[in-house]
Each structure stands twice: as C-alpha cells, then as structure tokens.
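In: here you go, sequence then predicted model.
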Amino acid sequence: MTGEERTWLKRAWLLGMAIVAAFAFINVLTIQHDAPRLGLIAPMIWEVSSALTIFCLFGIPAGMAIWTARTEPRWWLAVPAHLVAVLVYSALHVAGFVVLRTWAHWHLLREHYDFGPLSTEFPYEFRKDMLSYGMATVIFWVALRRGAHRATETPAPAAPATFDINDGARMIRVPVSEILAVRSAGNYAEFVLADGRRPLTRSSLGAALDGLAPHGFVRSHKSWLVNPTRVTGLKPEGSGDYAVELGELEVPLSRRFPQALAAIRG
C-alpha cells in the first residue's frame, strides 16, 4: 500500500472506533434508563467488553476491504467470502466479550456471568455483528479508494525557477532557463538573456556563480558562466579550448575548466 492509503486506513480505523464507542455509550445510558436495578457497572462491563473486542477485530473488515479494492472480485466470489468473514468476525466477537465479561463480573462484581443459551444469543449477536462488519468494511473500502485516488493525483506543475538581477536601482526577475550566460565586466556581471537583453548587476562572477550553480550553471572561462541547458553547439578551437554556441552567442570554454566541458556534454 502507498503511504496515502495507510494514512486513510488509520483514519478509517479511528472513525470506526469513535462510532463503536458512541454506540456503547448510548447503550449504557439506555440500559440504565430501562433497567435501573442493574446499576451502572454491569452495563459498562457489557458494552466496554464488546467495544474492545470489536476494536481488535477491525482487522477482518479492513483485510476484506483491501482484498475487495485490490481484486474487484465478482459478486459470486465476494458474497461467500464476506459471509465466511462475518461468521468468523461474529464468532470471535462473542468469544472475546464472553471472556472479558466473565473476568470482569468475577473480579468487579464477585458474581458469575451467564451469556445465556448459545442457540438464541448467538443469532441475536450475529445480526448486530453483520451490521457492524458491513459498516466497517464500507468505511475501510471508501478510505482505501480515497487514499488510492490521492496517491495517483497528478501534482501541480512546479513553478519555473527564477533569478533576480539587480540592474541599478531596478530589480529584474527572469526565469533561470532564459539566462544564456553571464560575463564578467569589471566590477559588474553582465547577464545575457534569451530575449537579447543584457542587464548589469554590481557583483563578481563568483558571487553570480554561487546563486546560479544550484541551477546547473558552470564556469567555462575566467570571465564566463554558461547555462548548459541552452547550449546549441560546441566548436573546438584547438589546444583543448572550445567555443560554446548558445544560439547566435559564442562563449569561450577554456581547457582549464574540464568540469564545464563534462557538464555541457552531459
């Protein structure tokens, strides 16, 4: 499963627990109202034991929801599989809360817990378990579908990287991809842009490289930086030197900067 699917499954598990806890609380209040002679402890034992067992058994409807979402089985395969799953779910639920209630009644109330005849009590519990199993399976299935949908959503395209050039008192923001090269011009750096502009900023070539190196710019000469993604040609000049072609612009590439040659050649 993807991380998104696991996250949504956890949320579904918590939602299911909240719903079961809410029903348990309502049932305790109802029993207390209808049969006040029972007191509060016994109804709490009954409902809490049932809720705790269901929390542990949520793995069954979660697993069936994963199977259904992954394989999308035909109905004649899905129905028998879910019937078996709900029978196991109900049997484990009854066995679990009977064990907990027996222990709690003995230790808290000093009395024996009587579940009643299995032939009548289990069908009664099974009807309720079918509802809780169905509810949990649907919640987990919806959560998986939501998680899978979020995981496959196409991320929004990233905004193009930009670079700010301080041309005197004016700031020019240009896409990095539109900077062909940068030339040292005394105490200034001259940016050669694809649209023909050549703004100047008071900066050393080294400082300009610090800002542009993360975008792939390399130093090809003591006086030049180039954008390898805009290179259109490479012409040997002899003695290991080259002329880098960036459209109509030619920039020298000195043999002293072999890393620039490697970056341009890819």
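Out: Done, it's in. Residues are numbered from 1 along each chain as shown.
In: for Ala185, which non-adjacent residue is spatially closest?
Out: Computed as C-beta to C-beta, 6 or more residues apart in numbering, the closest residue to Ala185 that is not its neighbour in sequence is Leu200, at 6.5 Å. C-beta here means a position set from N, CA and C on the backbone, and glycine is covered the same way.
In: if you could redo that for Val138, that was the one I meant.
Out: Nearest residue to Val138, sequence neighbours excluded (C-beta to C-beta, 6+ apart): Ala65, at 7.9 Å.
In: what number of residues are in the vicinity of that neighbour?
Out: 22 (other C-beta atoms under 10 Å).
In: dump the helix or strand where it lies to CSV, restricted to CA.
Out: Per DSSP states H and E: Ala65 is located in helix 59-71. Provided in CSV are the C-alpha atoms of helix 59-71 (Å, rounded to 0.1, in the frame of the first residue of the first chain):
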residue,chain,number,x,y,z
GLY,A,59,-8.6,-6.1,11.0
ILE,A,60,-11.0,-8.5,9.5
PRO,A,61,-13.2,-6.0,7.7
ALA,A,62,-10.1,-4.0,6.9
GLY,A,63,-8.5,-7.0,5.2
MET,A,64,-11.7,-7.8,3.3
ALA,A,65,-11.9,-4.2,2.1
ILE,A,66,-8.2,-4.4,0.9
TRP,A,67,-9.0,-7.6,-0.9
THR,A,68,-12.1,-6.2,-2.5
ALA,A,69,-10.4,-2.9,-3.5
ARG,A,70,-7.4,-4.8,-5.0
THR,A,71,-9.0,-7.6,-6.8
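In: state the mean pLDDT of that helix.
Out: The average pLDDT within helix 59-71 is 92.
In: now stretch 192-203
Out: Average pLDDT, stretch 192-203: 94.
In: got the CA coordinates for that stretch in CSV?
Out: Output of stretch 192-203 as CSV, limited to C-alpha atoms (Å, rounded to 0.1, in the frame of the first residue of the first chain):
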residue,chain,number,x,y,z
VAL,A,192,22.9,37.6,-21.4
LEU,A,193,19.2,36.8,-21.7
ALA,A,194,17.5,34.8,-24.4
ASP,A,195,15.4,37.9,-25.4
GLY,A,196,18.5,39.9,-26.2
ARG,A,197,18.6,42.0,-23.0
ARG,A,198,22.0,42.4,-21.2
PRO,A,199,21.3,43.8,-17.7
LEU,A,200,24.3,44.6,-15.5
THR,A,201,24.5,44.0,-11.8
ARG,A,202,27.2,45.1,-9.4
SER,A,203,28.6,41.7,-8.5
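In: buried residues in it?
Out: By 16 or more other C-beta atoms under 10 Å, the buried positions in stretch 192-203 come out as 192-194, 199-201, 203.
In: which of those residues lies closest to Ala95?
Out: Nearest to Ala95, judged by C-beta to C-beta, of the buried residues of stretch 192-203 is Ala194 at 74.7 Å.
In: what about the closest residue in space to the closest one that isn't next to it in sequence, how many neighbours?
Out: Closest residue in space to Ala194, ignoring its immediate chain neighbours: Glu178 at 4.6 Å, by C-beta to C-beta, 6+ apart. Neighbour count of Glu178, defined by other C-beta under 10 Å: 16.
In: so Glu178 touches Phe191, yeah?
Out: No - Glu178 is beyond contact range of Phe191, at 9.5 Å (criterion: C-beta atoms under 8 Å).
In: packing partners for the strand or helix carrying Ala51?
Out: Assigned by DSSP H and E, Ala51 belongs to helix 41-57. Counting contacts by 3 or more C-beta pairs under 8 Å, 6 or more residues apart in numbering; DSSP states H and E, helix 41-57 packs against helix 3-34, helix 75-104.
In: could you check the angle the shortest one makes with helix 59-71?
Out: Here helix 75-104 runs at an angle of 160 degrees relative to helix 59-71 (axes from the mean of the first three to the mean of the last three C-alpha atoms, to 10 degrees).
In: quick check: buried residues in helix 75-104?
Out: Buried residues in helix 75-104, counted by 16+ other C-beta under 10 Å: 82, 85-86, 89-90, 92-94, 96-98, 100-102, 104.
In: before we move on, what about stretch 17-34?
Out: So stretch 17-34, judged by 16+ other C-beta under 10 Å, has buried residues 20, 23-24, 27-28, 31.
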